[in-house]
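In: 3D, please:
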Amino acid sequence: MNSNILKIVYILLLVNILLSCTNNKQIAPPKPYGVIPSERQLQWHNLEIYAFLHFTTNTFTDKEWGFGDESPDVFNPTNFDAEQIIGTLSKAGFKGAILTAKHHDGFCLWPSEYTQHSVLNSKWRNGKGDVVKEISDACKKYDIKFGIYLSPWDRNHAEYGNSLYISYYRNQLTELMTNYGDIFEVWFDGANGGDGYYGGTNENRFIDRANYYAWDTTMAIVRKYQPGACMFSDAGPDIRWVGNEHGHAKDSCWATYTPIPNKGFTKAYAGTCKYWIGETGTMNGEFWIPAETDVSIRPGWFYHEQEDEKVKSLEQLLDIYFHSVGNGTSLNLNIPPDRTGQIHETDSIRLIEFKEYLDKAYSKDLLKGCTVKASNVRGRKYQPVNLIDDDPATYWATDDQEKSATVEFQLDEPKTFNCMILQEYIRLGQRVTDFSIDIFEDEQWKEVANGSTIGYKKIIRFDYCTTDMIRLKIKNALGCPVVSKIAAFEIPMINE
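Out: Numbers count the residues shown, from 1 in each chain. Predicted coordinates:
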């Protein structure tokens, strides 16, 4: 082999080496945009659906808000079965359960050492029962996350309204945070002050909502003993109220949020902020405080026999699901135990119908195995094929300067679908503000659906369409798009 040929071979080898080095060059991931979720918030996002369990003396007095003068003896479920309650939730696909350990009436479902107004003085289990423990133990058995609701308001306690009650409340919060294992969510609401029994005074008591609970100090108890727990209130700090009890978030729903205090308050706390902003959150908000959608499967929050025929239909539950989980919130669906101390049969049947529908709807992702290409790709690690690989740790991303882009999916044959799921890689923030779903039809692209935000999850439904080419068109984003998942489904109509 002459020297000229050898030179050519060496040059080609050198070119290949240089190209290989260039192709394998590690391109930095996008920098986080805005505020980002904590690890406990990321774990909470992944739950998506969990249950509220409203259960107390109200179950037996047919009230929604007990006055506080109810005798502990009225609490006497005839066949309490925590495993039936939690087992039903498990079969229905729920990932967590939040128990009303104490509602506004002040009755405690555990034998607190700080009050006599509890199961300790009820007829149930001859005063030796502990609902909180039994539910907590059942959650461990069924691998369901356990959460606590502890009402700040107490219409029974004689000292409500002064500093002695705050010590009492914090002592009880500490009991619950230290005696019942891991807790995934602690629920604080804004119902604070008004008329009540208050140890027999039967009067109205009002508090300084901005300062009475010293929320920063009170919430520090949760952080100390349950660092993995997310705290809920209409102002966060970890999860916000969606702002209504209808089960709906807006299409534009930001996980970022800046709580705004109501007139007359200088800082937003539970019961002091403009809660209705929770439906949309805040673009470029100061904090990552995603929304939770809380709604009851029945008209009321507690069980009432007269509502047995008013349990929400499958169609109603699905409407709630698509407008809550489908808009990036988590769904906290209230399923109140009845007077036996179990989930009523009507509710149970509906929950299983709900689970069976979702299982069928999401049984086949039509984008699996398709060919994917994008108008812009940040580098080899961020290829658009990551969108269909079922790995939440991978994602497609564009170059920093690209705030709009398209991704095309070429199917092996025409397929019919009417629903798509999209997810951003929220570890790097929430970015997309405007997008559409297009299909290739009659030799041109046709828009079939559009939306505003994506966030943790967007489920978008539209009329049935058939095509072998689908396009995601991101029209605008606050930073370069960072998307982790896209899936397409043919979901059944309710009566199919």
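In: Now do the phi/psi pair for the spatially most central residue of the chain.
Out: For the chain, the residue sitting closest to the mean C-alpha position, by C-alpha atoms, centre = their mean, is S330 at 2.1 Å. The phi/psi pair for S330 (degrees, to the nearest 10) reads phi -100, psi 150.
In: ok, now L422?
Out: phi -130, psi 140.
In: Specify the beta-bridge partners of it.
Out: K458, I486 (DSSP bridges).
In: Show the contacting residues for it.
Out: By C-beta atoms under 8 Å, 6 or more residues apart in numbering, the contact set of L422 is 435, 454, 457-458, 460, 472, 483, 485-486. For glycine as for every other residue, the C-beta is placed from the backbone atoms N, C-alpha and C.
In: let's go with 6 Å and repeat that
Out: By C-beta atoms under 6 Å, 6 or more residues apart in numbering, L422 lies in contact with 454, 458, 486.
In: And the helices in the stretch 1-150 of the chain?
Out: Ranges of helices within the stretch 1-150 of the chain are 3-23, 39-47, 58-61, 82-91, 131-142, based on DSSP state H, counting those that start in this stretch.
In: Could you list the buried residues of whichever strand or helix holds I474?
Out: Secondary structure assignment for I474, by DSSP states H and E: strand 458-477. Residues of strand 458-477 classed as buried: 458-460, 465, 467, 469-474, 477 (neighbour count, 16 or more other C-beta atoms under 10 Å).
In: which helices and strands does it pack with?
Out: strand 405-424, strand 432-441, strand 444-451 (3 or more C-beta pairs under 6 Å, 6 or more residues apart in numbering; DSSP states H and E).
In: What are the buried residues along the second one?
Out: In this case it means strand 432-441. Quick answer for strand 432-441 (16+ other C-beta under 10 Å): 432-433, 435-439.
In: do the longest one as well
Out: Taking 16+ other C-beta under 10 Å as the basis for neighbour counts, the residues of strand 405-424 that come out buried are 405-409, 411, 415, 417-424.
In: one step back: can you tell me which of the contacts of L422 lies nearest to K250?
Out: Checking the contacts of L422 against K250 with C-beta to C-beta, the nearest one is K458 at 12.0 Å.
In: State the distance from the closest one to Y212.
Out: The gap separating K458 from Y212 is 39 Å, by C-beta to C-beta, to the nearest Å.
In: Which stretches in the stretch 151-300 of the chain count as helices?
Out: Counting by DSSP H, counting those that start in this stretch, the helices of the stretch 151-300 of the chain are 163-179, 215-225.
In: Indicate which one of the ones you listed is closest to I98.
Out: Taking those one by one with C-beta to C-beta, helix 163-179 is closest: 11.9 Å.
In: quick one: the strand holding I474 to strand 432-441, angle?
Out: 110 degrees (axes from the mean of the first three to the mean of the last three C-alpha atoms, to 10 degrees).
In: ok and strand 458-477 relative to strand 444-451, angle-wise?
Out: Going by the same axes, to 10 degrees, strand 458-477 makes 110 degrees with strand 444-451.
In: what about strand 458-477, average pLDDT?
Out: In this model, strand 458-477 carries a mean pLDDT of 98.
In: Use 29 as the first number from now on
Out: New numbering, starting at 29: the last item is strand 486-505.
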